[in-house]
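**Q** Quick one, fold the following:
(2 chains)
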There are 2 protein chains.
Amino acid sequence: MLPFDILEYQERLEKTKSKMNEKGIEVLLITDPANMNYLTGYDAWSFYVHQMVAIVIDEPQPFWLGRFQDANGAKATTWIYDGNVIAYPDYYVHSDTYHPMDFIGEILSQIGQGNRNVGVEMDNYYFSAKALERLKRAMPNATFKDGDLLVNHVRIVKSDQEIEYMNRAAVIADQAMFRGIDSIRAGVRECDVAATIYYYLISGTEEYGGGYPSIVPLLPSGKNSGIPHLTWTDRKYQEGDMALVELAGCYQRYHVPLARTVSIGQPSEKMNSLTSIVVEGVNEVLEAAKPGLTCGDLEEVWRKSIGRYGIEKEARLGYSVGLGYPPDWGEHTASIRKGDPTILKPNMTFHLIPALWFENYGIEITETFKITDKGSETFTKYPRELTVKHPYIFNQHEGEIS
Amino acid sequence: MLPFDILEYQERLEKTKSKMNEKGIEVLLITDPANMNYLTGYDAWSFYVHQMVAIVIDEPQPFWLGRFQDANGAKATTWIYDGNVIAYPDYYVHSDTYHPMDFIGEILSQIGQGNRNVGVEMDNYYFSAKALERLKRAMPNATFKDGDLLVNHVRIVKSDQEIEYMNRAAVIADQAMFRGIDSIRAGVRECDVAATIYYYLISGTEEYGGGYPSIVPLLPSGKNSGIPHLTWTDRKYQEGDMALVELAGCYQRYHVPLARTVSIGQPSEKMNSLTSIVVEGVNEVLEAAKPGLTCGDLEEVWRKSIGRYGIEKEARLGYSVGLGYPPDWGEHTASIRKGDPTILKPNMTFHLIPALWFENYGIEITETFKITDKGSETFTKYPRELTVKHPYIFNQHEGEIS
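**A** Model (predicted):
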């Protein structure tokens, strides 16, 4: 079941241990499901309970520590020896008496790790304030260090196999965007467009299916098209609406996000000119991107480009992307924003999302790209433009599954 | 846009403040997206960045504190006055220098809350160990208390309007289960069944669409049917497989989970007899459930029921369910398990999930039910049985969208 060669996992583990050494961490407790997957292959929707992969600097095998009923999943989906899969009983789950970290801390002490330098992912969703408190109580002689994003930084440069999985995710993203936008027209409900997008994201292609994206498709429209993170409603699209579609194709948990803006009917002059500005900026950033520049340099290209039209953007312009679990497909390392010192290297991958948000409208035309030996290359093929839905075209499509 | 009357939100707020008083909490910082939604209506996929709703004991209005680009969403989806929507700039997002809690702590201090008793949701996914650390640093004179699950305990008894939303979620769950199971047959890929389920979960009915469930449909099959939390793959179902389907219909973020087990072809004697045992146990629990009993009492009914056949179950039998955001639709309060002292009251709602997991097979036949004045009532209507797919039946359905 492993999606990567065992040698690739071992290489990832070695890189992780090397960073642990740099930071003086002897035991790294990994609670980010993407990092758990990256190092071991573990893949299950079990992250709503406390669980972790523990990397011990002088042990060749990781440990998986989690809930009893998930232990078989750890054995089935990882390269970890069964003996290193350690499970806590169910009475630790969502209890006001017992906490899984009591158990995990005791086990770590029992296997001789109780007085070491222990790294924890301090800002991860799946490592709560209480998890740290209880772990400290269970391991009073350990020294806790911040190991947040340590593995994420290993993940930032992709292997060729990872790029191949992103290529597949891109095919799925293009298909879902095509089908989703095809289904958008006046009178159709947002939820039906979301359903269509989901259908194609997950059925994928004949050769391979898709995984669940870490963020649901985001479909703000009409007067809410200036509000980026709203999810769909039962509202029907109306003639004259702007409609945004942000989605990601996902394959083996690797994401390729893609966003486009749709005009239902003829767009205004303002939207047409904003589109030109955004597309020009995206083109310039993608043409400039190459190994050796920094993420901050890319932001400067964008800032100068839109600055020619008197526009400023408050939010960051993009972020490193790839492996992910809910609630995010971003890697939380490099951001394409002012001053980010990350030096671009081949096989780094980013979602360039130069969305512009105004009081009651917005525009999103985004690209996921990789750094190549000499420049950059986008993953998807969807036209980089404002999609205009003319009534005389979309009426022909009535009666499809959307 | 509010799904509930403003009076209902105010009642929830009053109940929350009453519990705050009991616990000596003057300022409650709410980071659980379900609790944020419950008290204010806030609904957006923005919980991948730090954000919160702050309840100040002597202020009539909550505060929303979050990312700048999400502030319009807070204004659009909540009953909070615009002046109480406070946003941090984008350079706080996923930065290794700035942390949103630096900003939030400073704002809370500026509005006079810096030296009060501050409750935080210690074990919530969206309140990391670092969030607490940075907040403490920014509010050195505050006294921090554990306010975890405080609002969840208010949520445990549903209003009639909440029950009505769960009724709608139930219709969606039944429909998605019917369509999903209809599409399961030998030769079909798991991902195509998942796609079909998602399509119907989200398109909903003609009167109302569905929301995204907090957990994706779980579809372990074949040799993995004993592993509860695996998600779908590209694997094709085979003649003789057992296939599990666990899903939830979702409406206005209210969930009604439902799981069934499918036999592709004639089931074994063992599966038939296990099914009888599980269905008998479920029937007995549902017949016994009524106001005044405890969750622990229900577990005892189940334990005795399956004990007659020499079976024991390691995991809890169910949990309180309703409003939720990823990664979980459970409320993390009452569990139907040994000794749980929660006293059943009308309009409490539970997912009764007496799944039995064995080394390489499992059975799930579950029901979401509410406590009524005199007993209990299930939300969905799907037949409580093992679904058997006979080849001569399912061949007739070829050519549908699945």
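
**Q** Low-confidence stretches in the stretch 301-402 of chain A?
**A** Along the stretch 301-402 of chain A, the parts satisfying pLDDT under 70 run over A:392-402.

**Q** can you map out the helices along it?
**A** Secondary structure of the stretch 301-402 of chain A (DSSP state H, counting those that start in this stretch): helices at A:391-394.

**Q** which parts of it sit against chain B?
**A** Neighbours of chain B within the stretch 301-402 of chain A, by CB under 8 Å from any CB of the partner chain: A:314-316, A:319, A:326-328, A:330, A:332-333, A:335, A:337-338, A:357, A:359, A:401. (Each C-beta comes from the backbone N, C-alpha and C, glycine too.)

**Q** Try it again at 6 Å.
**A** Taking CB under 6 Å from any CB of the partner chain as the contact definition, the stretch 301-402 of chain A meets chain B at A:314-316, A:326-328, A:332, A:357, A:401.

**Q** tell me which residues in stretch A:354-367 are buried?
**A** By 16 or more other CB atoms under 10 Å in any protein chain shown, the buried positions in stretch A:354-367 come out as A:354-357, A:361-367.

**Q** for stretch A:175-184, same thing?
**A** Result for stretch A:175-184 [16+ other CB under 10 Å]: buried residues A:175-177, A:179-184.

**Q** Next: stretch A:17-27.
**A** A:17, A:19-20, A:25-27.

**Q** quick one: contacts for whichever residue of the stretch 201-350 of chain A sits closest to chain B?
**A** Relative to chain B, the nearest point of the stretch 201-350 of chain A is residue A:209 (2.7 Å; CB to the nearest CB). Shown in contact with residue A:209 (CB atoms under 6 Å, 6 or more residues apart in numbering or on different chains): B:189, B:191, B:234.

**Q** now with 10 Å?
**A** Shown in contact with residue A:209 (CB atoms under 10 Å, 6 or more residues apart in numbering or on different chains): A:168, A:172, A:201-203, A:251, B:189-195, B:232-235.

**Q** Which ones among these map onto helices?
**A** Mapping the contacts of residue A:209 onto helices (DSSP state H) picks out A:168, A:172, A:201-203, B:190-195.

**Q** want to throw those residues into CSV with distance to residue B:53?
**A** Shown next, in CSV, are the ones in helices among the contacts of residue A:209 (distance: CB to CB, whole Å):
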residue, distance to residue B:53
A:168, 40
A:172, 36
A:201, 31
A:202, 33
A:203, 38
B:190, 39
B:191, 37
B:192, 40
B:193, 38
B:194, 33
B:195, 35
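
**Q** Pull the most distant pair out of those.
**A** A:168 and B:193 (19.8 Å; CB to CB).

**Q** next one: stretch A:344-357 to chain centre, how far?
**A** Remark: stretch A:344-357 is offset 12 Å from the chain centroid, using CA atoms, centre = their mean, to the nearest Å.

**Q** ok, now stretch A:231-247?
**A** Computed by CA atoms, centre = their mean, the chain-centroid distance of stretch A:231-247 equals 23 Å.

**Q** Quick one: mean pLDDT over that stretch.
**A** Taken as a whole, stretch A:231-247 has a mean pLDDT of 96.

**Q** What of stretch A:22-37?
**A** 98.

**Q** follow-up on the earlier one: nearest to residue A:154, of the buried residues of stretch A:175-184?
**A** Looking across those and measuring by CB to CB, the closest to residue A:154 is residue A:176, at 29.6 Å.

**Q** hang on, the earlier thing: can you tell me which of the buried residues of stretch A:354-367 is nearest residue B:103?
**A** Nearest to residue B:103, judged by CB to CB, of the buried residues of stretch A:354-367 is residue A:357 at 19.6 Å.

**Q** Give me the neighbour count for the spatially closest residue to that closest one that is not a sequence neighbour.
**A** Leaving aside its sequence neighbours, residue A:357 sits nearest to residue A:226 (CB to CB, 6 or more residues apart in numbering or on different chains; 5.3 Å). By the criterion of other CB atoms under 10 Å in any protein chain shown, residue A:226 has 22 neighbours.

**Q** how much space between residue A:226 and residue A:267?
**A** 15 Å (CB to CB, to the nearest Å).

**Q** Likewise for residue A:352?
**A** Taken as CB to CB, the span from residue A:352 to residue A:267 is 22 Å.

**Q** Residue A:158 now?
**A** 37 Å.

**Q** in which helix or strand would I find the residue of the stretch 201-350 of chain A closest to chain B?
**A** Using DSSP states H and E, residue A:209 sits within no helix or strand.

**Q** dump the residue contacts of residue A:189.
**A** Neighbours of residue A:189 in contact, by CB under 10 Å, 6+ apart: A:195, A:232-237, A:402, B:203-204, B:206, B:208-209.

**Q** To clarify, my last question referred to residue A:124.
**A** A:30-35, A:131, A:147-149, A:152, A:332, B:125, B:128-130.

**Q** try it again with 6 Å
**A** A:31-32.

**Q** Provide the secondary structure category for it.
**A** Assigned with DSSP: H, G, I helix; E, B strand; the rest coil, residue A:124 falls in the coil class.

**Q** What of residue A:72?
**A** Per three-state DSSP, residue A:72 ends up helix.
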